[in-house]
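J.: coordinates only, no sequence provided:
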């Protein structure tokens with residue numbers, strides 16, 4: 001076998017091994033099954049009429065979402081940015097959302113910025129899960 005062919009086969013083998021290793025290490029991109037730590041809390045926020053207004057490009061909005069871990073998918077979240085990031089959606093214009101993140105509660109009050117989970121619990125009466133230690 002020609003040396004170039006051997007090198008080519010070796011490179012292909014290394015690439016395949018790298019892909020397999022990446023899939024195994026990252027878990028194949030498959031979401032873990034089971035409930036998230038804050039699922040019931042996020043659902044309660046929605047049930048109590050809280051709404052989280054934000055923008056995909058907003059670092060504080062992303063930090064707020066991160067507080068909920070895998071439960072962020074259940075947040076009562078409204079995206080205020082247009083896809084190009086240059087304008088605000090009509091829903092947020094109508095609600096006069098001026099900064100991100102903004103939380104609006106059933107009583108009409110609002111809080112802006114990254115809000116601690118304990119404050120959200122206090123404002124809504126939703127129970128925060130107790131972490132096992």
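T.: Ah, there it is. Because the structure is a prediction, the values reported are computed rather than measured.

J.: residue 58 and residue 95, how far apart?
T.: Remark: distance between residue 58 and residue 95 (Cβ to Cβ, to the nearest Å) = 16 Å. (Each C-beta comes from the backbone N, C-alpha and C, glycine too.)

J.: and residue 122, its phi and psi?
T.: Here is the backbone geometry of residue 122 (degrees, to the nearest 10): phi -60, psi -40.

J.: pLDDT wise, what is it at?
T.: At residue 122, the model reports a pLDDT of 97.

J.: how many residues are close by it?
T.: Neighbourhood size, residue 122 [other Cβ atoms under 10 Å]: 11.

J.: which residues sit in contact with it?
T.: Contact analysis of residue 122 by Cβ atoms under 8 Å, 6 or more residues apart in numbering lists nothing.

J.: ranking helices and strands of the chain by mean pLDDT, which lands last?
T.: For the chain, the helix or strand with the lowest mean confidence is helix 3-25, at a mean of 63 (criterion: mean pLDDT, DSSP states H and E).

J.: grab the nearest non-local neighbour of residue 128.
T.: Nearest residue to residue 128, sequence neighbours excluded (Cβ to Cβ, 6 or more residues apart in numbering): residue 121, at 4.6 Å.
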